[in-house]
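Novice: Structure of the sequence below:
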Amino acid sequence: MSNVEARPEELQCAAAAPAAGLEVLEPRDVPLGGPRAMTVRRTLPQRQRSLIGAWCFADHYGPDDVAATGGMDVPPHPHCGLQTVSWLFSGEIEHRDSLGSHALIRPGELNLMTGGLGIAHSEVATPQTTVLHGAQLWVALPERNRHAPKAFQHYAPEPTLIDGASVSVFLGSLAGTTSPVETFTPLLGAEIVLDAGARLELALDPAYEHGVLADTEELTLEGTTLPRGAMGYLPPGRATLTLTNDAPTPGRLLLLGGPPFEEEIVMWWNFVGRSHEDIVQARENWMAHSERFGEVQGYAGDITHLPAPVIPGVRIRPRRNPASRPSSNPAR
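Specialist: Okay, here's the model as predicted:
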């Protein structure tokens, strides 16, 4: 998915040691596109926290009636310095990229695209999609891999049933299940569906920090209620986490994690770099139709090369995670 804000902010982000205790990151609504555009709820990045592990961007959308919103139709656009992680709860999206990949994104199936040095792709809801609902996530690439070649991976995890819950691990390891998908830093990504009234305790890697993105109401993390669309953050040092669904219907969430990302990054539009100059160069390359990003074949829309916004005339002040310390209660 593209970040199609008309005036995207340039963010310089550094993952400092996180604060002890749980934080609730409230989402902000961001419209994608024109007057009938779908609106997403964005929890990363924000002033309170820029990254969770290497996860640097999190949009949560739907359920949207495609007849009312127009659904998703994002023309070919670029990415660099990151991996995109697409995960759907309902609907279907057609993916095309400049590597030549042509795939469908369906519920319960991971599509992971690597845009290191550069890649372009388009995303369009298929005609049979009536309700669109899911999440679009980005992972920042470390310095040693941020110019990695274009790549695309697809994986459909088999759900694991445990203590009144279904756990689908699409990245990393959890609940005795490991995803075969390759990443450049250690990561955790999983969908968890809790039965009505279920309580689930999961073992964690204490070296990781974690984020819990609530897709439904009445979910609690460590006894704290998470509003729908909010992200609950837990710092490193915890060996377990407890999730509860207090609703009379099944509850759903995404669990993300990874070791704190220690490198400073700059984000603007669809680019992740290390400096303002990196972003300027990426934009110039895209607007010049450089081979760096390539071309997407087969997109049927009117715009075949989404123009990049104008870069601000001044450098944006860096944003950092708050200086703090790991959890003092590793047993929790």
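
Novice: Go ahead and flag the most central residue of the chain.
Specialist: By CA atoms, centre = their mean, the chain has its centre lying nearest to Leu137, at 1.3 Å.

Novice: name the element that one belongs to?
Specialist: In the assignment (DSSP states H and E), Leu137 maps to strand 131-140.

Novice: distance between that strand and the chain's centre?
Specialist: The gap between where strand 131-140 is centred and where its chain is centred comes out at 5 Å by CA atoms, centre = their mean, to the nearest Å.

Novice: Extract the CA atoms of that strand and return them as PDB.
Specialist: C-alpha atoms of strand 131-140 as PDB (Å, rounded to 0.1, in the frame of the first residue of the first chain):
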ATOM      1  CA  VAL A 131     -15.900  -5.800   2.300                       C
ATOM      2  CA  LEU A 132     -12.200  -4.800   2.700                       C
ATOM      3  CA  HIS A 133     -10.600  -5.300   6.100                       C
ATOM      4  CA  GLY A 134      -6.900  -5.800   7.000                       C
ATOM      5  CA  ALA A 135      -3.600  -4.300   7.900                       C
ATOM      6  CA  GLN A 136      -0.600  -2.900   5.900                       C
ATOM      7  CA  LEU A 137       2.700  -3.000   7.800                       C
ATOM      8  CA  TRP A 138       6.300  -1.900   6.900                       C
ATOM      9  CA  VAL A 139       9.600  -3.200   8.300                       C
ATOM     10  CA  ALA A 140      12.700  -1.000   8.200                       C
END
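
Novice: Give the rounded mean pLDDT of the helix or strand just after that strand.
Specialist: With elements assigned by DSSP H and E, the helix or strand that comes after strand 131-140 is strand 151-155. Regarding strand 151-155, the rounded mean pLDDT is 97.

Novice: Can you give me the buried ones in strand 151-155?
Specialist: Ala151, Phe152, Gln153, His154 (16 or more other CB atoms under 10 Å). Placement of C-beta: from N, CA and C, glycine included.

Novice: Over to stretch 288-300?
Specialist: Neighbour counts over stretch 288-300 (16+ other CB under 10 Å) mark Arg292, Phe293, Gly294, Val296, Tyr299 as buried.

Novice: For Asn145, which non-adjacent residue is spatially closest?
Specialist: Nearest residue to Asn145, sequence neighbours excluded (CB to CB, 6 or more residues apart in numbering): Phe184, at 4.2 Å.

Novice: and what of Thr126?
Specialist: Closest to Thr126 by CB to CB, 6+ apart is Glu92, at 4.4 Å.

Novice: what does Tyr233 give?
Specialist: In space, Tyr233 is closest to Glu23, 4.2 Å off (CB to CB, 6+ apart).

Novice: list the contacts for that neighbour?
Specialist: Listed by CB atoms under 8 Å, 6 or more residues apart in numbering, the contact partners of Glu23 are Gln48, Arg49, Gly232, Tyr233.

Novice: how many neighbours does the second one have?
Specialist: Yep, that's Arg49 we're talking about. Neighbourhood size, Arg49 [other CB atoms under 10 Å]: 24.

Novice: What of the last one?
Specialist: Close neighbours of Tyr233, defined as other CB under 10 Å, add up to 24.

Novice: Doesn't it belong to a strand?
Specialist: Yes - residue state for Tyr233 (DSSP: H, G, I helix; E, B strand; the rest coil) corresponds to a strand.

Novice: Look up which residues are beta-bridged to it.
Specialist: Counting by DSSP bridges, Tyr233 forms beta bridges with Glu23, Gly211.

Novice: now it: how far from Trp87?
Specialist: 19 Å (CB to CB, to the nearest Å).

Novice: Turn the buried residues of strand 151-155 into JSON lines, including distance to Asp163.
Specialist: What follows is these, written out as JSON lines (distance: CB to CB, whole Å):
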{"residue": "Ala151", "distance to Asp163": "36"}
{"residue": "Phe152", "distance to Asp163": "35"}
{"residue": "Gln153", "distance to Asp163": "30"}
{"residue": "His154", "distance to Asp163": "29"}
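
Novice: from these, which is closest to Glu277?
Specialist: Ala151 (25.5 Å; CB to CB).

Novice: Is the nearest residue to that closest one once chain neighbours are set aside in a helix, a strand, or coil?
Specialist: Distance criterion CB to CB, 6+ apart; nearest residue to Ala151, sequence neighbours excluded, is Thr114 at 3.9 Å. Assigned state for Thr114: strand (three-state reduction, three-state DSSP).
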